[in-house]
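> quick one, what's the 3D model for this:
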Amino acid sequence: MEYNKLVAVTGLSGLFELISSKTDGAIVKSLEDGTTKFAATRRHQFSHIESIEIYTTGDNVNLAEVLKVMEGSSEPLPDVKNDKAVRAYFQKVYPSMDFERVYTSDMKKMVKWLDIIKKNNIEIELPKEEVEEKAEVKAEVKVEAEVEGKVEVEEEKKVPAKKTAVKKTAPKKTTKE
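Sure thing, here's the model as predicted:
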């Protein structure tokens, strides 16, 4: 099972694997009990797990980053029934989270979701966009280093502009008076 196929469905607890989508809904498989069901779009909304972001005191971060930090932490996961323990856990594990905008119920979901992901042996993956951005930054740094080291960088080839066809029109008819 892949991380990018995981979805959260409003009105249903837990995480689901997206099996198939249709115009009027989707077929999803629960990761908790393994049941497969049809969820209609008129009643439910779907959120791909990899597209969810978390508010922080700086820029928003992807949920995968928070889950990776939680997974790598030595702190044990808190009991989701204890609001204070959940909040204290995130203040230790991810102190840059914006605790005024991230509700305790959202923190509880993150704890439950990480537990489900661990039980199903799913590897948490950062979205491809972020991985590509990091690769671009590394490439820019390399180019800057080459320029500073007086290694000449090949100029971009200039591509001639596309020629556009000019529409020919017939001369206007003049009327005789």
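
> which residues touch the residue nearest the centre of the chain?
Nearest to the geometric centre of the chain sits Ser51, at 2.8 Å (CA atoms, centre = their mean). Neighbouring residues of Ser51 by CB atoms under 8 Å, 6 or more residues apart in numbering: Pro127. (Glycine included, C-beta is placed from N, CA and C.)

> hey, what's Ser21 bridged with?
Ala26 (DSSP bridges).

> relative to Pro76, how far out is the residue nearest to the centre of the chain?
29 Å (CB to CB, to the nearest Å).

> same thing with Val66?
Distance, Val66 to Pro76, using CB to CB: 17 Å.

> any idea how far Leu114 lies from Met1?
15 Å.

> got it, and Leu18?
Leu18 is 11 Å from Met1, by CB to CB.

> so which of those two has more stuff around it?
Between Leu18 and Met1, counting by other CB atoms under 10 Å, Leu18 is the more crowded of the two (18 against 13).

> now do the SS call for the more buried one.
Under DSSP: H, G, I helix; E, B strand; the rest coil, Leu18 falls in the strand class.

> which residues in this structure form helices?
In the chain, the segments counted as helices under DSSP state H are 63-72, 83-93, 104-119, 128-148.

> show the contacting residues for Gly15.
In this structure residue 15 is Leu, not Gly. Contacts for Leu15 (CB under 8 Å, 6+ apart) come out as 6-8, 30-32, 49, 113, 116-117.

> let's see that with 10 Å instead.
6-9, 28-32, 49, 109, 112-113, 115-117, 120, 122 (CB atoms under 10 Å, 6 or more residues apart in numbering).

> go on, Glu32?
Glu32 makes contacts with 13-16, 112, 115-116, 119-120, as judged by CB under 10 Å, 6+ apart.

> Val66 reaches Tyr94, doesn't it?
Yes: counting by CB atoms under 10 Å, Val66 touches Tyr94, with 5.7 Å between them.

> can you list residues touching both of these two?
54, 56, 102, 107, 110.

> how about the residues you listed in TSV, adding neighbour count?
Output for the shared contacts of Val66 and Tyr94, formatted as TSV (neighbours: other CB atoms under 10 Å):
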residue	neighbour count
Ile54	22
Thr56	18
Val102	18
Met107	22
Met110	23
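
> quick check, nearest of these to Met70?
Met110 (7.1 Å; CB to CB).

> now the closest one. Nearest residue, chain neighbours left out?
Closest residue to Met110 apart from its sequence neighbours, by CB to CB, 6 or more residues apart in numbering: Val66 at 6.5 Å.
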